[in-house]
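**Student:** how does the following fold in three dimensions:
(chains A and B)
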There are 2 protein chains.
Amino acid sequence: MKPSTYIAVGTLIGGIVTASVVSLGLVREQPLDPNPRWRRNVGHRAVKYADKATMLKAVDEIRQILGQDAVSVNEHDIDEHGYSEWSTSNTDVRPAAIVRPKSTKQVSDVARICSRYRVPIVPYGAGSSVEGHFSSPFSGVCLDLSDMNNIVAFHPDDMDIVVQAGVNWTIMNEEIESSGLFLPLDSSPTTLVGGMIATNCSGTNAMRYGTMKDYVINVTVVLADGSIIKTRHRPRKMSAGYNLTGLFVGSEGTLGIITEATLKLAIIPDSFSVATATFPTIKQAAKAAFKMIRHGVPLAALELIDNVQMEVINSSGGTGGRTWEELPTLFLKYIRSLVLQQRTPIINGFRFSGSETNVKDSLKLAQDIAKSNDCHAFESANTDEERQSLRSARKQALWANLAVRPEGTQIWSTDIGAPLSRMAELIEISKDNASKLGLYSSVLGHVGDRKFHQMVMYEPDDPRQRKAVSDCVDSMLMRALEMEGTVSGEHGIGLGKKASLYKELGPETIGVIKALKETLDPQ
Amino acid sequence: MKPSTYIAVGTLIGGIVTASVVSLGLVREQPLDPNPRWRRNVGHRAVKYADKATMLKAVDEIRQILGQDAVSVNEHDIDEHGYSEWSTSNTDVRPAAIVRPKSTKQVSDVARICSRYRVPIVPYGAGSSVEGHFSSPFSGVCLDLSDMNNIVAFHPDDMDIVVQAGVNWTIMNEEIESSGLFLPLDSSPTTLVGGMIATNCSGTNAMRYGTMKDYVINVTVVLADGSIIKTRHRPRKMSAGYNLTGLFVGSEGTLGIITEATLKLAIIPDSFSVATATFPTIKQAAKAAFKMIRHGVPLAALELIDNVQMEVINSSGGTGGRTWEELPTLFLKYIRSLVLQQRTPIINGFRFSGSETNVKDSLKLAQDIAKSNDCHAFESANTDEERQSLRSARKQALWANLAVRPEGTQIWSTDIGAPLSRMAELIEISKDNASKLGLYSSVLGHVGDRKFHQMVMYEPDDPRQRKAVSDCVDSMLMRALEMEGTVSGEHGIGLGKKASLYKELGPETIGVIKALKETLDPQ
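**Tutor:** This next block holds a predicted model:
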């Protein structure tokens, strides 16, 4: 489509802009080579969004349909939905209103109205993004989906569950626990299913269980103009039509608003066992991790924590009072055994004990590998309390850091991924470079899933510090790309990583992304 | 985009039609509700393809660039690429020429030329489709990718491999075997990587290892106009941009021509163990299978074979002379243990023995479940020969049927999938209904992966028989949909299942599929 055609059509059909329309749209300063013809489909938009008065008119219409309680213009509420202290990509602009729909139909109504008035929509889940996914740089309506928190249908015999987008995964897992089934991802406890899908979330169990995309059977999506689609029925496996489910998973709310989903469930293991291994240097720890993966040690999780982070865990006293060695540490998590569903009518009381032998073999192999990489100490958790303590030490990392930071400072949290064989080198260089900043910095790796995070504490009001951290992060991202890695292992692109996404994928591939976006959301 | 606009642009930009442009394009007889505005993007095309003379002119140009040897107009060659006796969706039209490119660049050249002359392109791999994926209903160029059979790069330390689309997966696995790594899918031995990706292939190991989509890290794709994109770098996990890789996987060659891919590899297990369980009725067998899955018995494969198929296996004498009980049978495949790479320099000679205990526990559980469902006999393979024999019995099903069928008959092979709890019922009804035809028919289920096949032998020249089989298959597909299942578990849509795809997804979702298609391939 030629740009002129596009705009004419655009004016006709109304539209919507989610957080990341904007995100991808702004890549437009990079000129596209005009030659490949299919790329003419990609118009360079000159969309004008509604002015404030028109936005409020749209909000009034929404209020009439959804009711008073569904719409908030409370300043505090608006601030909370437009800014977060853990995001590196805040803007000064705020949404005009927060809308809390209760159903797919209500989301469709909102989209239809916003489309007519050219009001951007930003879907909002738990608000845990660190890359500005829920920023509202052009104001508009922030669609908070947390009131859509119903389990629509639970099918234990099909091992799946149908939920609304606002369901919290930990609450869901508690509610279905007696069936012996669970969603095994283990992302942050606050996250909601819609956001988990929109960002293709990971979690500490990704090594064993995969990521969100592996658990989404179908999604119900409200498109830009308010039309509703369901990507497929409930078969686990199919080859009927394009993988639309997979297209919406990880699209960060930019292709439509996910309102409902059917999720696969896994069988709850009886219990996890945890071990730790400490190393003199982070490179040795990372190398040992690489070898454990390459040798196929059957772990559920393999996490790398640096000395700085171990200090934080100790000083925040958050793991049952236990004091850890302040050395680079690998956390290893095993599945000890599977348990049968107690409620299953067929074989009552039968308990599948799994295999202690298997766990011992795995542990021995992991230990041998650790020792051959100068492991300082290799310890297994013996009691449930110790296991829980080890697990929570890892899970609390971000919050522990937020707790100890000096007033006025912020945390710049970023993540990258790389092919397995380059991980140790990438982690070592990244840690060295961050250390040179002279600021508090820490590395935390989901090495089992080939990605890791870096956190740097800085004073946002100090432009010199801000630039130094930004440069350090940028060079880390570029190093990941040189190693055929990625600028985002799991945090996503949001507003924060637009420029580096362009570098990662190049103009041709970005062109396809833009073309898909403009097809489903022309405005 | 309005239709009129679309056509004008279409004329401007040239284009290409692959097998399934056509496939999806033909759904257009179903009128779309005009209201949802984004759907105006979907033009109802009135594309005119090149006439025969123009096609041959394009073929001449291709010959000049790719060389004489790359282009064939041999009648036998053309027939082999335009018709197959195992497909239910052959057309009378044949491609104008077969083109065998050697590189992504050459594929791009072909696409560019075909786009300019409006010549349809049909990508061709191993030609094993049963649903007409490689039919050429509008003639054009059949692009046979089997000469692109190079391993581009093997990264054992990253556990991935970069291959051209024409690489055969069994040959590839043999070449990399000494690394201790393999692509674990176990689809038909003839299949090529490009086709495996384009159809998101499965295989008997899908229960344990997943399907092709789980092994594709990136794809290099030639788009309709000849532009080349690579969907991402080589990190295993990422969240940078839309999941374009996932969009091309399973798109059946309709969104672009896959020329190269990076594939994840898994660690080769030491050995598989196999067991069989026979049952009085197919429903009891299917119910036992359901319970094994629901109880989390850790199997690599769980296959259901009906009595008819067991007779065929016996009469074709293809499994080392062993005679099987001719009863509905479950084949169970276990991983006995993992083996370490012998070549790994770190821990030479270390052998991770896995767990015999675990295997015994699993086997005991499977056996208990089988017995509680009136299992007739439960047998484990004891020797490698027996294991191989059991495995080949299952693998040879289609070929065994082709071998025993009377001259002049054809096999209508179809597949469906359903939620786990409905599988037993669906299999039973499907088998009953097929039996009523009075024709040879058989049911074969990848029950571990929640899908199954049905084969019916019929005389294609007998219109009454053909219609009876077609009606039987149609009612089977519709039953799967009533149970929230799918009309295609793994064979794909091709030409054969267009109408049922429309019924499965509905006009809204088909509209999105069409919009995506027309964005990337306007002609």
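**Student:** tell me where the stretch 351-500 of chain A has helices.
**Tutor:** Counting by DSSP state H, counting those that start in this stretch, one finds helices in the stretch 351-500 of chain A at the ranges A:356-371, A:384-395, A:397-404, A:423-435, A:463-482, A:498-520.
**Student:** only C-alpha atoms, please: export the shortest one in CSV.
**Tutor:** Coordinates of each C-alpha in helix A:397-404 appear next as CSV, following Å, rounded to 0.1, in the frame of the first residue of the first chain:
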residue,chain,number,x,y,z
ALA,A,397,16.4,-10.9,44.0
LEU,A,398,14.7,-7.8,42.5
TRP,A,399,12.8,-7.0,45.7
ALA,A,400,15.8,-7.5,47.8
ASN,A,401,17.7,-5.0,45.7
LEU,A,402,14.8,-2.5,45.8
ALA,A,403,14.8,-2.8,49.6
VAL,A,404,18.5,-2.1,50.1
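**Student:** what does that helix contact?
**Tutor:** A:86, A:188, A:305, A:309, A:312-313, A:315-316, A:318, A:411, A:413, A:442, A:444, A:455, A:457 (CB atoms under 8 Å, 6 or more residues apart in numbering or on different chains). From N, CA and C alone the C-beta is placed, and that goes for glycine too.
**Student:** among these, which two are most distant?
**Tutor:** Across those, the longest distance by CB to CB is 21.8 Å; it joins A:Ser188 and A:Ser315.
**Student:** what about these two, which has more around it?
**Tutor:** Legend: neighbour count by other CB atoms under 10 Å in any protein chain shown for A:Ser188 and A:Ser315, higher for A:Ser188 (16 against 13).
**Student:** what about the more buried one, which SS state?
**Tutor:** Assigned with DSSP: H, G, I helix; E, B strand; the rest coil, A:Ser188 falls in the coil class.
**Student:** pLDDT wise, what is it at?
**Tutor:** pLDDT for A:Ser188: 86.
**Student:** wait, it touches A:Val130, no?
**Tutor:** No: taking contacts as CB atoms under 8 Å, A:Ser188 lies outside contact range of A:Val130: 11.0 Å.
**Student:** related to what we said a few turns ago, only the buried subset of the contacts of helix A:397-404, as a ChimeraX command please.
**Tutor:** Buried residues among the contacts of helix A:397-404 (16 or more other CB atoms under 10 Å in any protein chain shown), as a ChimeraX selection:
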select /A:86,188,305,309,312,313,316,318,411,413,442,444,455,457
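**Student:** which one of the contacts of helix A:397-404 sits closest to B:Arg232?
**Tutor:** Among these, A:Ser413 lies closest to B:Arg232 (CB to CB), at 22.6 Å.
**Student:** and the closest one, how far from A:Met457?
**Tutor:** Distance, A:Ser413 to A:Met457, using CB to CB, to the nearest Å: 10 Å.
**Student:** could you do A:Glu385 as well?
**Tutor:** For A:Glu385, the distance to A:Met457 (CB to CB) stands at 31 Å.
**Student:** could you count how many residues lie near A:Thr57?
**Tutor:** One thing to correct before we go on: residue A:57 is Lys, not Thr. Residues contacting A:Lys57 under the criterion other CB under 10 Å number 15.
**Student:** part of a helix, is it?
**Tutor:** Yes: per three-state DSSP, A:Lys57 lies within a helix segment.
**Student:** now do it against A:Asp51, distance only.
**Tutor:** Distance, A:Lys57 to A:Asp51, using CB to CB: 10 Å.
**Student:** swap in A:Met212?
**Tutor:** 38 Å.
**Student:** which one of those two has more residues nearby?
**Tutor:** Each of A:Met212 and A:Asp51 has its neighbours counted (other CB under 10 Å); A:Met212 has more, 28 against 12.
**Student:** tell me the spacing between the more buried one and chain B.
**Tutor:** In this view, A:Met212 and chain B are 10 Å apart by CB to the nearest CB, to the nearest Å.
**Student:** check A:Glu131 too.
**Tutor:** Using CB to the nearest CB, one gets 10 Å for the distance from A:Glu131 to chain B.
**Student:** kindly report the same for A:Gly448.
**Tutor:** Here the criterion is CB to the nearest CB. By it, A:Gly448 lies 10 Å from chain B.
**Student:** list the contacts of that residue.
**Tutor:** By CB under 8 Å, 6+ apart, the residues touching A:Gly448 are A:Ala206, A:Met207, A:Ala289, A:Ile293, A:Leu299, A:Ala301, A:Leu302, A:Glu303.
**Student:** now do A:Trp86
**Tutor:** Each residue near A:Trp86 by CB under 8 Å, 6+ apart is listed here: A:Ser128, A:Val130, A:Leu398, A:Leu402, A:Gln410, A:Ile411, A:Ser413.
**Student:** only the buried members of the residues you listed: can you turn that into a PyMOL selection?
**Tutor:** Entered in PyMOL, the line below selects the buried ones among these, by 16+ other CB under 10 Å:
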select buried, chain A and resi 128+130+398+402+410+411+413
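**Student:** just flag the most distant two among the contacts of A:Trp86.
**Tutor:** Maximum distance among the contacts of A:Trp86 (CB to CB): 15.3 Å, for A:Ser128 and A:Gln410.
**Student:** which residues are in contact with the residue nearest to A:Lys52 when sequence neighbours are not counted?
**Tutor:** Residue nearest to A:Lys52 in three dimensions, not counting chain neighbours: A:Ala96, with 6.6 Å by CB to CB, 6 or more residues apart in numbering or on different chains. Shown in contact with A:Ala96 (CB under 8 Å, 6+ apart): A:Lys52, A:Met55, A:Leu56, A:Val59, A:Val73, A:Val119, A:Ser139, A:Gly140, A:Val141.
**Student:** for ChimeraX, write the select line for the buried members of those.
**Tutor:** Selection of the buried residues among the contacts of A:Ala96 in ChimeraX, burial being defined by 16+ other CB under 10 Å:
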select /A:55,56,59,119,139,140,141
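**Student:** how about the contacts of A:Ala96 in a markdown table, adding pLDDT and distance to B:Lys371?
**Tutor:** Output for the contacts of A:Ala96, formatted as a markdown table (pLDDT from 0 to 100; distance: CB to CB, whole Å):
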| residue | pLDDT | distance to B:Lys371 |
| --- | --- | --- |
| A:Lys52 | 95 | 72 |
| A:Met55 | 97 | 67 |
| A:Leu56 | 97 | 69 |
| A:Val59 | 98 | 64 |
| A:Val73 | 97 | 66 |
| A:Val119 | 97 | 63 |
| A:Ser139 | 96 | 66 |
| A:Gly140 | 97 | 62 |
| A:Val141 | 98 | 60 |
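**Student:** max pairwise distance over the contacts of A:Ala96: which two?
**Tutor:** Greatest spacing in the contacts of A:Ala96, by CB to CB: A:Val73 and A:Val119 (13.9 Å).
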